[in-house]
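In: Based on what follows, work out the 3D shape:
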Amino acid sequence: MASRIVKSPLRLLQEGGSEKPWNVLVVAGTSGTAVLAALLVESPGTNLILWALLLIPAILAGYHYRERGIAAATVLGSAYLGIMSLRAYPNLTAPLLAALLPFVAMIALASLTSTVGHLTREQARRESMEGAPGGAFLLRCENKTIADANRNLADTLGYAREDLRNMPVSRIWPYADDREQFFALATPGEKTAVIETQFIGRGGASHWFALSGFCLDGATISCQISEITRYKEAEATLNAERRRLFSVLDTLPAYVTLQAEDHTFRYANRAFRETFGDPEGRTCYEVQQGSRRPCNPCRGTLVFTLKSPQRWEWDHTNGNTYEVHAYPFTDTDGSTLMLQLGVEITQRVQAEEALKGFAGNLQAKNRELEVMRSQLSVVNQDLDAMVRKRTADVEKLLTQKDEFISQLGHDLKTPLTPLVALMPRILQREQDPGLRRLLEITGHNVTYMKDLVEKTLQLARMNSLYIELDLEPLNLRAELNNILRNYAVPFKAKAITLENNVPAPIGVRADRVLLGEIFDNLIANAVKYMQNGTGTISIDAAREQGIVLVAVRDTGIGMTREQLERVFIEFYKADPSRHDLESPGLGLAICRRIIERHGGRIWAESDGEGMGSTILFSLEAVDGP
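Out: The predicted structure is shown next:
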């Protein structure tokens with residue numbers, strides 16, 4: 001009977017879900033001691049020591065277990081009354097009245113200490129909640145509302161503490177799956193429930209928390225939070241970088257793998273999987289070589305043993321060649337892996353083989369070329385001797401040609417000079433009209449032959465390699481005025497207008513005599529092709545980037561495209577119908593030789609027949625002399 005009485009409060013306290021198991025042992029021990037003393041001492045109804053032994057477990061039970069403690073004290077008091085009844089039987093009245101006082105005291109003290117214990121624990125709980133570093137709150141299990149919350153939580157979410165009290169937790173914690181998981185974990189008798197979740201603040205901002213909680217008494221869950229928003233943001237950033245890294249690795253044309261020391265794969269990018277297949281659970285020699293044994297020797301083993309990078313090449317069964325760069329790699333868990341980068345170099349290897357063959361052929365060709373170079377050197381020596389001999393022969397012929405032309409001109413000019421001087425006097429004395437006509441024709445022919453000889457000698461002189469020009473800075477406008485002064489009287493009689501439009505400051509570097517020859521020939525050529533012997537000749541000049549461009553324009557018969565291309569050829573006449581003996585057709589050819597000897601160029605332009613012509617030439621420009 002006694003054992004059943006002792007077991008009842010113990011079982012009742014265990015069902016109370018005490019936070020500290022040793023409290024149950026203390027209450028049970030003191031209760032057992034009191035019951036044992038009640039069985040053994042004399043006069044148990046009046047023994048003060050026995051009363052103290054009964055009151056101690058009642059006080060402890062009430063303090064620690066509230067209503068269940070009061071019930072346990074009631075059970076203990078009932079056991080005391082039962083013992084008293086058994087020991088006083090059959091005289092029950094006096095002993096029961098004596099035992100009633102400690103029984104009532106036990107219940108009263110249990111109730112009082114229950115209230116004191118509850119208030120003390122509540123105050124400690126509130127102080128603990130207020131002092132929680134991250135935030136804390138009490139959550140009712142039945143209606144899932146917030147019983148209380150500390151200031152840290154309220155400030156973090158942007159609420160006042162009064163706003164959070166009695167608020168449904170779903171308003172700040174809208175994620176139903178997380179709530180159900182947390183409530184399932186935070187049950188009486190279980191360990192502290194811990195989850196990572198998000199709360200929503202008053203302004204709609206999301207906060208990540210590590211939420212921990214344990215059930216206090218089956219009705220309230222004590223919760224504590226630590227904000228991990230920055231950690232979650234860093235984790236999200238890290239995951240994004242991880243995905244970006246994997247994306248980059250998957251876009252590489254080379255394969256990238258992580259291998260363990262047992263030859264298995266920890267990672268393989270897309271290029272590897274597409275080339276060799278999915279390596280999941282298989283070794284490198286199975287995936288890449290189709291073999292059941294590791295390679296001998298295995299170059300990857302050196303990466304683990306030497307802890308240094310390695311490089312090698314290997315041939316796949318599909319005919320491709322790969323270049324591998326392998327490096328030691330430490331994984332996040334501290335394990336040592338091997339990072340491999342494999343690049344297909346089949347085309348490069350083939351190109352190197354082809355290059356080796358080409359290099360061999362090139363060496364053979366070089367040897368042949370050396371032989372040919374030796375032979376060519378001999379030929380060049382012979383050719384050089386021949387060129388020097390031919391050059392000497394040509395120079396001798398040119399010298400002979402110049403001497404011949406000079407002698408021929410002298411021989412022709414000698415008999416022509418008296419004829420030119422005598423023909424006008426003979427023509428004056430002759431009275432016969434028929435004979436005078438013949439003498440006039442003869443005089444014109446003599447004059448033509450004299451001009452032809454002089455211009456031929458001049459052209460030959462300009463073609464000579466040994467002629468030296470007397471170059472000096474000249475004012476182009478002043479020189480042209482001196483030349484045009486000779487044409488003023490005859491041109492006035494023929495109604496030919498000469499215009500000097502050359503700007504005053506323009507200067508050229510030229511031979512004064514030859515410059516006069518140029519303008520004399522160009523003016524004479526322009527006059528020769530004037531329609532009806534009248535017209536205008538205008539001369540312009542402009543300086544452009546270190547040269548002076550001179551233009552001699554006339555209003556004559558003009559030229560066709562074919563004539564423009566041939567006008568500077570010796571003895572060419574633009575109008576073949578004119579078989580006059582006034583010009584031999586060497587004037588423009590002489591101008592071309594003079595301009596070329598000055599380092600310039602000359603050309604002709606015309607808009608067509610009847611549109612006039614323009615002769616343009618260039619000379620070196622100088623600052624005005």
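
In: List the buried residues for the helix or strand where residue 492 lies?
Out: Residue 492 is part of helix 488-493 when elements are defined by DSSP states H and E. Across helix 488-493, burial judged by 16 or more other CB atoms under 10 Å covers residue 491. Where C-beta positions appear, they are placed from N, C-alpha and C, glycine not excepted.

In: tell me the mean pLDDT for it?
Out: Averaged across helix 488-493, the pLDDT comes to 76.

In: helices or strands up against that helix?
Out: strand 496-500 (3 or more CB pairs under 8 Å, 6 or more residues apart in numbering; DSSP states H and E).

In: Return the strand it packs on as PDB; C-alpha atoms alone will do.
Out: This file holds the C-alpha atoms of strand 496-500, laid out as PDB (Å, rounded to 0.1, in the frame of the first residue of the first chain):
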ATOM      1  CA  ILE A 496      46.200  88.400-130.200                       C
ATOM      2  CA  THR A 497      45.800  89.100-126.500                       C
ATOM      3  CA  LEU A 498      48.300  88.000-123.900                       C
ATOM      4  CA  GLU A 499      47.300  87.900-120.200                       C
ATOM      5  CA  ASN A 500      49.800  87.400-117.300                       C
END
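
In: Within the sheet, what are the partner strands of that strand, with directions?
Out: strand 535-544 (parallel) (DSSP bridges).

In: Touching the strand it pairs with from outside, list them.
Out: Under the criterion CB atoms under 8 Å, 6 or more residues apart in numbering, residues 476-477, 480, 496-503, 506, 519, 523, 526-527, 548-556, 621 lie in contact with strand 535-544.

In: Off-centre distance for it?
Out: 59 Å (CA atoms, centre = their mean, to the nearest Å).

In: buried set for that strand?
Out: Buried residues in strand 535-544, counted by 16+ other CB under 10 Å: 535, 536, 537, 538, 539, 540, 541, 543.

In: May I see those residues arranged in a markdown table, with distance to residue 429 and pLDDT as well?
Out: Listed next are these as a markdown table, based on distance: CB to CB, whole Å; pLDDT from 0 to 100:
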| residue | distance to residue 429 | pLDDT |
| --- | --- | --- |
| 535 | 38 | 88 |
| 536 | 41 | 91 |
| 537 | 39 | 92 |
| 538 | 44 | 93 |
| 539 | 43 | 94 |
| 540 | 49 | 95 |
| 541 | 50 | 94 |
| 543 | 57 | 92 |
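
In: ok, of the residues you listed, which one's closest to residue 383?
Out: For these, the residue nearest residue 383 by CB to CB is residue 543; the value is 46.6 Å.

In: Identify the bridge partners of that closest one.
Out: For residue 543, the beta-bridge partners are residue 548 (DSSP bridges).

In: I'd like to know how far the spatially closest residue to residue 619 that is not a sequence neighbour sits from residue 323.
Out: In space, and not counting its chain neighbours, residue 619 is closest to residue 508: 4.3 Å by CB to CB, 6 or more residues apart in numbering. Between residue 508 and residue 323 the distance, using CB to CB, to the nearest Å, works out to 70 Å.

In: Likewise for residue 527?
Out: 85 Å.

In: the more surrounded of those two?
Out: residue 527 (21 against 16; other CB atoms under 10 Å).

In: Tell me which stretches of the stretch 401-550 of the chain form helices.
Out: Secondary structure of the stretch 401-550 of the chain (DSSP state H, counting those that start in this stretch): helices at 433-463, 476-484, 488-493, 512-528.

In: Now the weakest link among the ones you listed, please, by mean pLDDT.
Out: Among the helices of the stretch 401-550 of the chain, helix 433-463 carries the lowest mean pLDDT (a mean of 66).

In: tell me which element residue 334 falls in.
Out: Assigned by DSSP H and E, residue 334 belongs to neither a helix nor a strand.

In: domains for the protein, by residue range?
Out: Listed domain ranges for the chain are 2-127, 131-233, 252-344, 347-466, 468-622 (source: automatic domain parsing).

In: Columns distance to residue 240 on top of these, output as CSV?
Out: Rendered in CSV, the data for those read as follows (distance: least, CB to CB, whole Å):
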stretch, distance to residue 240
domain 2-127, 42
domain 131-233, 10
domain 252-344, 17
domain 347-466, 36
domain 468-622, 63
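
In: Tell me both backbone torsions, phi and psi, for residue 262.
Out: phi -90, psi 10 (degrees, to the nearest 10).

In: That one reaches residue 281, doesn't it?
Out: No: under the criterion of CB atoms under 8 Å, residue 262 makes no contact with residue 281, lying 11.7 Å away.

In: measure the residue nearest the centre of the chain to residue 259 for me?
Out: Closest residue to the average C-alpha location of the chain: residue 248 at 15.0 Å, with CA atoms, centre = their mean. Distance, residue 248 to residue 259, by CB to CB: 20 Å.
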